[in-house]
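Visitor: sequence and predicted structure are below.
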Amino acid sequence: MKDILAGDPIAMVKASKLLCYDKSTTSTLLRFLEAETRVETRHALLYALTWHGHLAQWDLMVGILKNVQEAPLVRGQAAEYLAYNFLGVRTDSTEFKVAVDALLEALKDPSPEVRYCAVHALGNTGHPPLLPVLQEMRQDPTPVPGWAGTVSSQASESMEWLERMHENRLKNGS
């Protein structure tokens, strides 16, 4: 646990990958996140929380995504949390609408990383009405340092994901 706060990037990555499998650490990670100001550490904490799959952090992650004072790395990780947890939220819920609205706003962000992660998350919604938005994002050829591809290539991939996730939603009745 101390390695995630250590400031050593290699130790932080290892710690966040280990902690992502230990859901008993959620409350501790949230406490650390509340007090932490360093971008890389906030990112590592959010990464671990993303994989815990607790929908109790949904509003927190939407708030982080919407907070333009947060670093793009942190906001992108908040979008990743939403991406990996969308199937646990019904498309007719307030939570779904608030998250989608935040992601749609993030598509206008000056940071290509935030746009890339928002496109990825929208693809994971499994919500067909969002296909035109993803189609439009295929016009953004901006490369994203640290990620494979461009906003455009991620939009194309996300369109395929959206269709698969929609099929999953239909099977699960959500």
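Guide: Cool, got the structure.

Visitor: gap between the spatially most central residue of the chain and Thr150?
Guide: By Cα atoms, centre = their mean, the chain has its centre lying nearest to Glu80, at 1.7 Å. Distance from Glu80 to Thr150, counting by Cβ to Cβ, to the nearest Å: 17 Å. Any C-beta I mention is one placed from the backbone N, CA and C, and that applies to glycine too.

Visitor: try Lys23
Guide: Going from Lys23 to Thr150 by Cβ to Cβ gives 34 Å.

Visitor: how about His166?
Guide: For His166, the distance to Thr150 - Cβ to Cβ - is 24 Å.

Visitor: quick one: residues contacting the residue nearest to the centre of the chain.
Guide: 47, 50, 117, 120-121 (Cβ atoms under 8 Å, 6 or more residues apart in numbering).

Visitor: surely Glu96 and Asn85 touch.
Guide: Quick fix: residue 96 is Phe, not Glu. No: Phe96 is beyond contact range of Asn85, at 10.8 Å (criterion: Cβ atoms under 8 Å).

Visitor: more neighbours: which of these two?
Guide: More neighbours surround Asn85 than the other of Phe96 and Asn85, with 22 against 18 (other Cβ atoms under 10 Å).

Visitor: could I get the buried residue list for stretch 157-171?
Guide: Going by neighbour count (16 or more other Cβ atoms under 10 Å), the buried part of stretch 157-171 is 157-159, 161-162, 165-166, 169.

Visitor: got the contact list for that stretch?
Guide: 86-87, 91, 119-120, 122-128, 130-131, 134-135, 138, 149.
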